[in-house]
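Engineer: got a sequence here, can you model it:
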Amino acid sequence: MRPFEHLKLTVGCAVFAMSALVSSQVHAHGGLSMAEDMCKLTVGSYTMHFSGYQPENTQQQQFCEDIPATGQTIVVLDYIEAELRSLPAEVRIIKDTGSENNPEADTVFHLPAKVYPNGSIDFAYTFDKPGKFVGIVTVGDKKEHVSRFPFSVGEPKFYSKFLNIYMFPVAAVIIVLGIVFFMRDRKPSQIAAS
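Structural biologist: Residues are numbered from 1 along each chain as shown. Take a look at the predicted model:
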């Protein structure tokens, strides 16, 4: 194979890989960790399965990252490790002010520390306004296992807006450049034959 044909093949593979990447980015999840179609919240050395619902807005559809809209939100945290069932757990939602120096003043929801022997914490909270928040889950007698996760309510993520606005034009330009690159050295007889 001539070096130029090898370069064309490499560029073609790159264009194909880029188009696959572009299409997978449109459907990517963010926020909490997503593994095997389960939303996992890491709390120190422990993990919990996180499920969020908004019965008034999304009916049975579950989310595990940013909350799609304002309104009543139901959150369920299911323990994955059995050891968690004997440890007290506390849940707090605070306004994301950029500082956690005064969490009491910024708290919008607080579920005091308690042992959940059934292995599941569930609560409902109504978000009145869109905004940015931080969820804090603390586990242990000395509150030694902590998870902090920022999330937004009723606000589309910047990268989602960016992908929706720019992804298709960028993909179209890449495809056109790939076609031009492959066709530029073909002779008219080669084009007619194919």
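
Engineer: all strands for this protein, in order.
Structural biologist: 33-35, 38-43, 46-53, 71-79, 88-95, 107-115, 120-127, 131-139, 145-153 (DSSP state E).

Engineer: lowest-confidence stretch among these?
Structural biologist: When the strands of the chain are ranked by mean pLDDT, strand 33-35 comes last with a mean of 49.

Engineer: quick check: domain ranges of the chain?
Structural biologist: 3-27+159-193, 33-155 (automatic domain parsing).

Engineer: let's have those in CSV, adding mean neighbour count.
Structural biologist: Just so you know, the C-beta spots here come from the backbone N, C-alpha and C atoms, and that holds for glycine as well. Listed next are the domains of the chain as CSV, based on neighbours: other Cβ atoms under 10 Å:
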stretch, mean neighbour count
domain 3-27+159-193, 11
domain 33-155, 15
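
Engineer: contacting residues around the closest residue in space to I67 that isn't next to it in sequence?
Structural biologist: Sequence neighbours aside, V153 is the residue nearest to I67 in space, at 4.4 Å (criterion: Cβ to Cβ, 6 or more residues apart in numbering). For V153, the contacting residues are 66-67, 69-70, 73, 127, 129-133, by Cβ atoms under 8 Å, 6 or more residues apart in numbering.

Engineer: got those residues as a markdown table, with distance to I93 columns?
Structural biologist: Listed next are those as a markdown table, based on distance: Cβ to Cβ, whole Å:
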| residue | distance to I93 |
| --- | --- |
| D66 | 13 |
| I67 | 10 |
| A69 | 16 |
| T70 | 14 |
| T73 | 10 |
| F127 | 9 |
| K129 | 13 |
| P130 | 14 |
| G131 | 11 |
| K132 | 11 |
| F133 | 6 |
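
Engineer: return the member of these nearest to S51.
Structural biologist: T73 (11.0 Å; Cβ to Cβ).

Engineer: quick check: bridge partners of that closest one?
Structural biologist: Counting by DSSP bridges, T73 is bridged to Y125.

Engineer: please name the residues that touch it.
Structural biologist: 52-54, 67, 124-127, 153.

Engineer: just K114 next, same as before
Structural biologist: Applying Cβ under 8 Å, 6+ apart, the residues contacting K114 are 88-90.
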